[in-house]
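> no sequence on hand, only this structure:
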Ligand code: HEM
């Protein structure tokens, strides 16, 4: 379900997340199509692979974001690494196998400056919205670990509230003068993910 293409003209009262959505919708649609996670039958090996690659991304990207003192504490509350460890263990990987998963070196790139890192956080927090759809599509699949794959739906029923909190927080972290840098960070995040995941 690709996000509808938005008009490209800038609007002075646009919120940061609306701007980011408008300026990345092409890359979201491309990643969603190339990931192709929802085609049937839903293949266990494919999800093991994709979650392992997400693990490699988060294990670099989260620490790159935390290098910015103003972002650290918020990012720590949204870490997805425990979800990935739990899901991968539920799919049969032991601790050693998880520790051996290759890190995504390019995962640090989108978080080079603070505004860019905020843009990249938009991408990863936003993925919890589409992730709910993925979690719902997986329900009932026979190889699913108990409780499902929490990476895709880390906030559960709190998703809407967590998203609104992120939107308000992000607005304070990327002032208007830094919005182009935030857009660049968000776009780079989608590009790095597409190259790494697909
Ligand atoms: C099969 C894969 C995916 C599907 C089916 C999917 C689907 C969706 C859907 C339905 C939404 C809500 C759109 C709306 O409110 O109009 C959404 C939002 C979003 N998704 Fe995905 N998505 C997928 C993968 C991803 C991935 C891998 C990422 C990035 C890691 C991502 C990033 C986002 C972002 C940033 C938003 C928020 C857009 C906003 O600002 O409202 N999505 N996705």
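Good, I have the coordinates. Predicted model, so just to flag it, every value in this text is computed and none were measured.
> what ranges do the helices span in this protein?
16-35, 44-66, 69-77, 81-90, 95-99, 114-138, 159-173, 179-197 (DSSP state H).
> how far off centre is the last one?
Chain-centre distance of helix 179-197: 11 Å, with Cα atoms, centre = their mean, to the nearest Å.
> for that helix, packing partners?
helix 16-35, helix 44-66, helix 114-138 (3 or more Cβ pairs under 8 Å, 6 or more residues apart in numbering; DSSP states H and E). Glycine gets a C-beta too; all of them are placed from N, C-alpha and C.
> okay, those in TSV with mean pLDDT, distance to the ligand and mean neighbour count next?
TSV is the format used below for those (pLDDT from 0 to 100; distance: least, Cβ to the nearest ligand atom, whole Å; neighbours: other Cβ atoms under 10 Å):
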stretch	mean pLDDT	distance to the ligand	mean neighbour count
helix 16-35	98	3	18
helix 44-66	97	8	19
helix 114-138	97	2	21
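> can you list those helices in CSV and add distance to residue 186?
Output for the helices and strands packed on helix 179-197, formatted as CSV (distance: least, Cβ to Cβ, whole Å):
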stretch, distance to residue 186
helix 16-35, 5
helix 44-66, 13
helix 114-138, 4
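> and residue 108, which of the helices of the chain is closest to it?
helix 44-66 (3.8 Å; Cβ to Cβ).
> what does the closest one contact?
35, 37, 71-72, 75-76, 79-81, 84-85, 87-88, 91-93, 98, 101-105, 107-108, 110-112, 117, 120-121, 124, 143, 149, 151, 189, 192-193, 196-197 (Cβ atoms under 8 Å, 6 or more residues apart in numbering).
> and stretch 161-169, by the same measure?
Contacts for stretch 161-169 (Cβ under 8 Å, 6+ apart): 15, 16, 17, 74, 78, 121, 122, 125, 126, 128, 129, 155.
> and of the helices and strands packed on helix 179-197, who's closest to residue 171?
helix 16-35 (5.1 Å).
> quick check: angle from the closest one to helix 114-138?
50 degrees (axes from the mean of the first three to the mean of the last three Cα atoms, to 10 degrees).
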